[in-house]
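S.K.: missing the sequence, but the structure's below:
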């Protein structure tokens, strides 16, 4: 299953880390694309889950594996 986290600030980051610690695949989306990428790299660096970054308006987001 993939869980989308919309917003990668304080609350979104905590939720993402908790879900990833259980092995959940995450799709991160944020108005700040770099914030989503940074969180994705941090979660992967902790050896947790799988992260796919996304963001922006539908159809205009970046959908790459973060790593």
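M.R.: Right, received. Where do you want to start? Owing to the predicted nature of the structure, the values given are computational and were not obtained by experimental measurement. Residues are numbered from 1 along each chain as shown.
S.K.: the most centrally placed residue in the chain: which element?
M.R.: What sits nearest the mean C-alpha location of the chain, by C-alpha atoms, centre = their mean, is residue 28, with 3.0 Å. Element membership for residue 28 (DSSP states H and E) is strand 25-30.
S.K.: partners of that strand, with directions?
M.R.: strand 2-6 (parallel), strand 50-55 (parallel) (DSSP bridges).
S.K.: in stretch 12-32, which residues are buried?
M.R.: By neighbour count on 16 or more other C-beta atoms under 10 Å, the buried set for stretch 12-32 is 12-13, 16-17, 19-20, 24, 26-30. C-beta coordinates here come from the backbone N, C-alpha and C atoms, glycine included.
S.K.: okay, residue 64: pLDDT?
M.R.: As predicted, residue 64 sits at a pLDDT of 41.
S.K.: actually residue 25, not the one I wrote
M.R.: Here the pLDDT value assigned to residue 25 is 86.
S.K.: wait, isn't residue 5 in contact with residue 25?
M.R.: No - using C-beta atoms under 8 Å, residue 5 is not in contact with residue 25, being 11.1 Å away.
S.K.: the bottom helix or strand of the chain by mean pLDDT?
M.R.: strand 64-65 (a mean of 44; mean pLDDT, DSSP states H and E).
S.K.: any regions of the protein where pLDDT drops low?
M.R.: The chain contains residues with pLDDT under 70 at 48-49, 52-67.
S.K.: that older thread, next secondary structure element downstream of the strand holding residue 28?
M.R.: By DSSP H and E, the next helix or strand past strand 25-30 is helix 33-45.
S.K.: for that next one, which positions count as buried?
M.R.: Under 16+ other C-beta under 10 Å, the buried positions of helix 33-45 are 33, 35-40, 42-44.
S.K.: and which of the residues you listed is nearest to residue 1?
M.R.: In terms of C-beta to C-beta, no member of the buried residues of helix 33-45 lies closer to residue 1 than residue 43, at 16.3 Å.
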